[in-house]
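Novice: return a 3D structure for these sequence lines:
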Amino acid sequence: MNRQHLVLGVALATAAAACRSDETDPRPPTVSLSLGAVDVAGSPTTAALPLNPATGMLVVDSESPCAVVITATPSPDTHDPVRLLHEGSGDPSTLAVYSDVPVRDPLAEVIYNRGVNIAPAFHARPGSAGDGAEVIAVLVAVPQDALTALATFTARVADAAGLGSEVEETTVELATPFPPEARGTLQAAPTPGAGALTGVLLPQRLVGGHSVLTSPATPFALTVEVLPNPQSGLKLDLVDEATGRGDPATLLVTVDVALGDPRQGGVDAGENLAQRFNADVAPLVDPVTGATTVAFVAAAGLVPPPGTATFTVRVVDVGGHRSLTTRVALDVSAGASFSRDVQPIFTGLCAQCHFSPYGMSPSLAQGTSYAQIVGVFGQQVAMPIVQPFTPSRSYLLHKIAGTFEDVGGGGVRMPRYLPPLNGVELETIEDWILLGAPND
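Specialist: Numbering: from 1, shown residues only. Below you'll find the model as predicted:
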């Protein structure tokens, strides 16, 4: 072999070695790790977490969810796919995400301790390409030893060929939560087009304290009043400016039974009613406290089933602070007749002692009871025995419910020698009074 051939051979060998080096050492895939805010239902939003201006770090409430978003990019040399999901959840064989503080997955109610891969908490991000390259987890950071601390998340991915990325790291502050407050009330519905609430609360049950509709067809308004936390000072944008209605990202109101709404279609159990707010009543904002009131007005003809409908209310402020869940119960009366429903209770449980003319007063015997109790004052307190439309001002109801001492009464709960009336019997008499105590 001459010198020329030797030089050529060395050059070819060097080029081949370089090619082999390129083949065995491709650039790895890359991973990005970011944390963002979630809405009132725990879904990711485009809103950023609040920033601490003193430290320049993102802040996560120690008891509120944040969205941890992982985005993987395949190697630019091999283009091998990065499949991060398996059967809808993060795949620990290709995705490794750790936190140096315990975290909780509120969807599955699973706690991941430090040093445990939280990949199984991840799921496909809505709106992603669906190829598994972008996933999301909603987590709650829970510092073990301090109310305020730092949490560092790390992430690493691997592609289909097993090529691993560099480790990506993000640190956030964990702060004590400053949640807003949410209140719910039920009141009489305003006249359509009035543009203002009536402020007249629905009657309250003496027993249980629930609001009561005397007829399923009676219109009513559910109002939600929210107050920002004074420590955070963050406002609450509960209304979408574009539509003038409640914003589902910041307002969550559900009911546990199906309702019928002739204007907007039925309301399914569990459906978020946010976008049904403010159809008739503009939101009210207190300029001093910052309290915001929004209203869901149920149209005439809305038909909740007889029984109890429970509304749940939760809000979130612009910093991602979520309020506690408030529950508001609405009892829907099926109607009560004096002769059909109330008198049989008196006859079976009361008239053995309360009868005319020789028994205890008032007489509760059939044929005499109505005239002796409705609008008639008793002897123990300055209160009618039955005040139509007003259970709280009806001493009869206090005596059988056991609340007579609260209104200045005395003696013992009635019936004296028998067990107390059960809940159905108490509600029957109360519903009859709420209907105006008719003699029907």
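
Novice: surely Q380 meets L396?
Specialist: No - if you go by CB atoms under 8 Å, Q380 and L396 don't touch, sitting 11.3 Å apart. To be clear about C-beta, it is placed using only N, CA and C from the backbone, and glycine gets the same treatment.

Novice: those two: who's more crowded?
Specialist: Taking other CB atoms under 10 Å, Q380 and L396 do not tie; L396 has more neighbours (25 against 16).

Novice: do I have it right that the more buried one meets I373?
Specialist: Yes - using CB under 8 Å, L396 is in contact with I373, at 6.0 Å.

Novice: need the residues touching each of those two.
Specialist: Taking CB atoms under 8 Å, 6 or more residues apart in numbering as the contact rule, L396 and I373 both touch 385-386.

Novice: F296 - how many residues pack around it?
Specialist: Applying other CB under 10 Å, we find 28 residues neighbouring F296.

Novice: excluding its backbone neighbours, what's nearest it?
Specialist: The spatial neighbour of F296 that comes closest, neighbours along the chain excluded (CB to CB, 6 or more residues apart in numbering), is L222 at 4.5 Å.

Novice: buried residues, the helix or strand containing that neighbour. List them.
Specialist: Taking DSSP states H and E as the definition, L222 sits inside strand 220-227. Neighbour counts over strand 220-227 (16 or more other CB atoms under 10 Å) mark 220-227 as buried.

Novice: likewise for stretch 334-354?
Specialist: For stretch 334-354, a neighbour-count test (16+ other CB under 10 Å) marks 336, 338, 341-343, 345-346, 349-351, 354 as buried.

Novice: next, the distance between the ends of it.
Specialist: End-to-end span of stretch 334-354 (CA to CA, to the nearest Å): 28 Å.

Novice: could you list the residues in contact with it?
Specialist: Residues contacting stretch 334-354 (CB under 8 Å, 6+ apart): 214-215, 306, 359-366, 369-370, 414-418, 421, 425, 428-429, 431-432, 435, 437-440.

Novice: just the buried ones among these, please.
Specialist: The neighbour-count test (16+ other CB under 10 Å) marks 214, 362-365, 369-370, 414-415, 421, 425, 428-429, 431-432, 435, 437 as buried among the contacts of stretch 334-354.

Novice: of those residues, which belong to helices?
Specialist: 369-370, 425, 428-429, 431-432 (DSSP state H).

Novice: of these, which is the nearest to G233?
Specialist: Closest approach to G233 among those (CB to CB): D431, at 45.5 Å.

Novice: what backbone torsions are found at the nearest residue to R276 once chain neighbours are set aside?
Specialist: Nearest residue to R276, sequence neighbours excluded (CB to CB, 6+ apart): F296, at 5.4 Å. Per-residue torsions, F296: phi -110, psi 120 (degrees, to the nearest 10).

Novice: what sits against F296?
Specialist: For F296, the contact set (CB under 8 Å, 6+ apart) comprises 221-224, 246, 253, 273, 276-277.

Novice: beta-bridge partners for the residue nearest to Q275 when sequence neighbours are not counted, please?
Specialist: Nearest non-adjacent residue to Q275, counting by CB to CB, 6+ apart: R245, 4.8 Å away. When assigned by DSSP bridges, R245 has beta-bridge partners D240.

Novice: can you pull the domain assignment for the chain?
Specialist: 25-175, 181-332, 338-434 (automatic domain parsing).

Novice: how near is S99 to L150?
Specialist: 11 Å (CB to CB, to the nearest Å).

Novice: assign a three-state SS to K399, would you?
Specialist: helix (DSSP: H, G, I helix; E, B strand; the rest coil).

Novice: right, and it touches G410 too?
Specialist: No - judged on CB under 8 Å, K399 makes no contact with G410 at a distance of 10.2 Å.

Novice: neighbour count: the two, which is higher?
Specialist: Comparing K399 with G410 by other CB under 10 Å, the one with more neighbours is K399, at 21 against 8.

Novice: residues in contact with the closest residue to that one other than its chain neighbours?
Specialist: What sits nearest to K399 in space, not counting adjacent residues and going by CB to CB, 6+ apart, is M414, at 4.7 Å. Counting by CB under 8 Å, 6+ apart, M414 touches 350, 399-400.

Novice: okay, those residues in TSV with distance to D406 and pLDDT next?
Specialist: Formatted as TSV, the contacts of M414 follow (distance: CB to CB, whole Å; pLDDT from 0 to 100):
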residue	distance to D406	pLDDT
C350	21	87
K399	11	90
I400	14	89
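
Novice: which residues does R114 contact?
Specialist: When contacts are counted by CB under 8 Å, 6+ apart, R114 touches 98-102.

Novice: now do V285
Specialist: Counting by CB under 8 Å, 6+ apart, V285 makes contact with 291-293.

Novice: same thing but 6 Å
Specialist: By CB atoms under 6 Å, 6 or more residues apart in numbering, the residues touching V285 are T292.

Novice: for V376, see how far away it is.
Specialist: Using CB to CB, we find V285 at a distance of 48 Å from V376.

Novice: mind telling me what element the closest residue to M57 other than its chain neighbours is part of?
Specialist: In space, and not counting its chain neighbours, M57 is closest to E173: 4.9 Å by CB to CB, 6+ apart. Here E173 sits within strand 168-175, counting by DSSP H and E.

Novice: can you list the buried residues in that strand?
Specialist: Using 16+ other CB under 10 Å as the test for burial, strand 168-175 gives 168, 170, 172-175.

Novice: pLDDT averaged over the following helix or strand past it - what is it?
Specialist: Where DSSP H and E defines the elements, the next helix or strand beyond strand 168-175 is strand 181-188. Strand 181-188 carries an average pLDDT of 89.

Novice: for the stretch 201-350 of the chain, which residues score under the pLDDT cut-off?
Specialist: 260-265, 279, 299-304 (pLDDT under 70).

Novice: gap between the two ends of stretch 267-285?
Specialist: One end of stretch 267-285 to the other measures 27 Å (CA to CA).

Novice: equivalent analysis for stretch 409-427, please.
Specialist: End residues of stretch 409-427 are separated by 21 Å (CA to CA).

Novice: what segments of the stretch 251-400 of the chain are strands?
Specialist: In the stretch 251-400 of the chain, the segments counted as strands under DSSP state E, counting those that start in this stretch are 251-255, 284-285, 292-298, 307-315, 326-332.

Novice: dump these to JSON lines, plus distance to V135.
Specialist: Formatted as JSON lines, the strands of the stretch 251-400 of the chain follow (distance: least, CB to CB, whole Å):
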{"stretch": "strand 251-255", "distance to V135": "24"}
{"stretch": "strand 284-285", "distance to V135": "39"}
{"stretch": "strand 292-298", "distance to V135": "34"}
{"stretch": "strand 307-315", "distance to V135": "26"}
{"stretch": "strand 326-332", "distance to V135": "33"}
